[in-house]
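A.B. asks: Build me a structure from this.
(chains A and B)
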Amino acid sequence: GAVVSQHPSRVICKSGTSVKIECRSLDFQATTMFWYRQFPKQSLMLMATSNEGSKATYEQGVEKDKFLINHASLTLSTLTVTSAHPEDSSFYICSASKAGGRQETQYFGPGTRLLVL
Amino acid sequence: AQSVTQLGSHVSVSEGALVLLRCNYSSSVPPYLFWYVQYPNQGLQLLLKYTSAATLVKGINGFEAEFKKSETSFHLTKPSAHMSDAAEYFCAVRGSGYSTLTFGKGTMLLVSP
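C.D. replies: A predicted model of the protein is given here:
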């Protein structure tokens, strides 16, 4: 299988604080991890793509200084929402692709629901 | 550039009826196509994928999809709906040689007894 976990599954924080979300590939090495954001009743919007050991590539309109992404190893990527505000409240989902192969599939984590008060 | 259109934000069927969820795509390069299912407050689970092999792809839970290049379609079907199939379904496209997925807006499948 290809299992991806996220931690925490749910977080509530005060406005102005920073929140870190972890994404782990449990049984495979992931050269590439992706971070998505999903608003209620909407589709997934890609925020950034991260490759192990290099800087993340952010999609247009995503503030890289606000959404810090670190991909320190082949099994772990973190997304830090800095100085969170209520408008950052959302469902954040990560995915990971296995190392190698042209037909790599993205395997998704269970998501993290962030609520900023 | 690539995009996905899912016709119908909601599809309602009776238990035991045929399920048909529509997906049309556009891609400037040969596409890889995916269907994912999302249950409430959960991440996405891969149902099936087309990666330029057989055009009729069978997935989990009895779902299948057929890639039709002439129609630029990749519709998802299941012969007989179960109550447990009620969820949101997303079609996604990725150009071969590229890593990023582009998702459709999703279709909520409602199954009534």
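A.B. asks: need the residues of chain A near chain B, please.
C.D. replies: By the rule C-beta under 8 Å from any C-beta of the partner chain, the part of chain A lying against chain B is A:4, A:6, A:32, A:34, A:42-44, A:46, A:49, A:91, A:93, A:95, A:97, A:102-111, A:113. Placement of C-beta: from N, CA and C, glycine included.
A.B. asks: Show me just the buried residues among those.
C.D. replies: The neighbour count (16 or more other C-beta atoms under 10 Å in any protein chain shown) marks A:4, A:6, A:32, A:34, A:43-44, A:46, A:49, A:91, A:93, A:95, A:97, A:104-111 as buried among the residues of chain A next to chain B.
A.B. asks: contacting residues around the lowest-mean-pLDDT helix or strand in chain A?
C.D. replies: Of all helical and strand segments in chain A, the minimum by mean pLDDT, DSSP states H and E falls on strand A:106-108, at a mean of 88. With C-beta atoms under 8 Å, 6 or more residues apart in numbering or on different chains as the test, strand A:106-108 has contacts from A:2-4, A:25, A:34, A:93-98, B:34, B:36, B:43-46, B:101.
A.B. asks: who's in contact with the residue nearest the centre of chain B?
C.D. replies: By C-alpha atoms, centre = their mean, the mean C-alpha position of chain B lies nearest to residue B:35, the distance being 3.5 Å. Residue B:35 is in contact with B:21, B:23, B:46-49, B:59, B:63, B:65, B:74, B:76, B:89-92, counting by C-beta under 8 Å, 6+ apart.
A.B. asks: These also near chain A: which ones?
C.D. replies: When contact is defined as C-beta under 8 Å from any C-beta, those meet chain A at B:46, B:49, B:90.
A.B. asks: Turn those into a markdown table, including neighbour count.
C.D. replies: Shown next, in a markdown table, are these (neighbours: other C-beta atoms under 10 Å in any protein chain shown):
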| residue | neighbour count |
| --- | --- |
| B:46 | 18 |
| B:49 | 20 |
| B:90 | 24 |
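A.B. asks: Fine by me, we can end here.
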